[in-house]
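Colleague: How does the following fold in three dimensions:
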Amino acid sequence: MSMSDFVILEGDYSSFTKILEKLGRDSNAKLVFLLDKNGQQIASTGDLDGIDPTSLASLTAGNVAATEGLAQLVGEQEFSILFHEGQNENLHINVVGGRAILLVQFDERSSLGLVRLRVKKASVDLSAVLEDIEARSEAQRAATVGSSPFSEITDDDIDALFS
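Modeller: Here you go, the predicted model:
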């Protein structure tokens, strides 16, 4: 099920934000960003000054998609962690629960080891929230099956109508 099938409520957003804020503090990150695999921002914390969040989200999702293609070419299901090291800034990108992407931007005030350690814990917490959302979405979907006035209409009915 994709994130586009999910309804994220205010409490879910609050949970995401708390986890991201803790991750940012504990890893001494400049920016922590959570997005879906389609490149839509879910939540963020930290310094977004001078950064276009829409571009950051879409380019990160594209990067993950390209890397998934590379993984399949070499016989892996996925490469769940990506790291980009720059002269002043570093990006740690992690796929969370196969559904979302966590991006952490950090500089010399932190280290890759610290970020990886903190991301590992945060990923478990984020996955739990995503699983709760998925379970709620499945329950809502199951409750609405058959309740639509259109649920009884078949393809044959539509074909007969326009024949």
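Colleague: Of all residues in the chain, which one is nearest the centre?
Modeller: Closest residue to the average C-alpha location of the chain: residue 100 at 1.9 Å, with CA atoms, centre = their mean.
Colleague: Let's test this: what are the backbone torsions at it?
Modeller: phi -130, psi 170 (degrees, to the nearest 10).
Colleague: ok, it touching residue 36?
Modeller: Yes. With contact defined as CB atoms under 8 Å, residue 100 counts as touching residue 36 (5.7 Å). Where C-beta positions appear, they are placed from N, C-alpha and C, glycine not excepted.
Colleague: Now for this protein: which helix has the highest residue count?
Modeller: helix 112-144 (DSSP state H).
Colleague: What is it packed up against?
Modeller: helix 10-27, strand 81-85, strand 90-96, strand 100-106 (3 or more CB pairs under 8 Å, 6 or more residues apart in numbering; DSSP states H and E).
Colleague: want to throw those into a markdown table with distance to residue 69?
Modeller: As requested, those are exported to a markdown table (distance: least, CB to CB, whole Å):
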| stretch | distance to residue 69 |
| --- | --- |
| helix 10-27 | 28 |
| strand 81-85 | 13 |
| strand 90-96 | 14 |
| strand 100-106 | 15 |
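Colleague: most tightly surrounded among those?
Modeller: strand 100-106 (a mean of 24; mean count of other CB atoms under 10 Å).
Colleague: For the closest residue to residue 27 other than its chain neighbours, list the residues it contacts.
Modeller: Closest residue in space to residue 27, ignoring its immediate chain neighbours: residue 118 at 4.0 Å, by CB to CB, 6 or more residues apart in numbering. Going by CB atoms under 8 Å, 6 or more residues apart in numbering, residue 118 touches 23, 26-27.
Colleague: Scan the helices and strands of the chain for the one with the lowest mean pLDDT.
Modeller: Counting by mean pLDDT, DSSP states H and E, the chain has its least confident helix or strand at helix 155-162, which shows a mean of 81.
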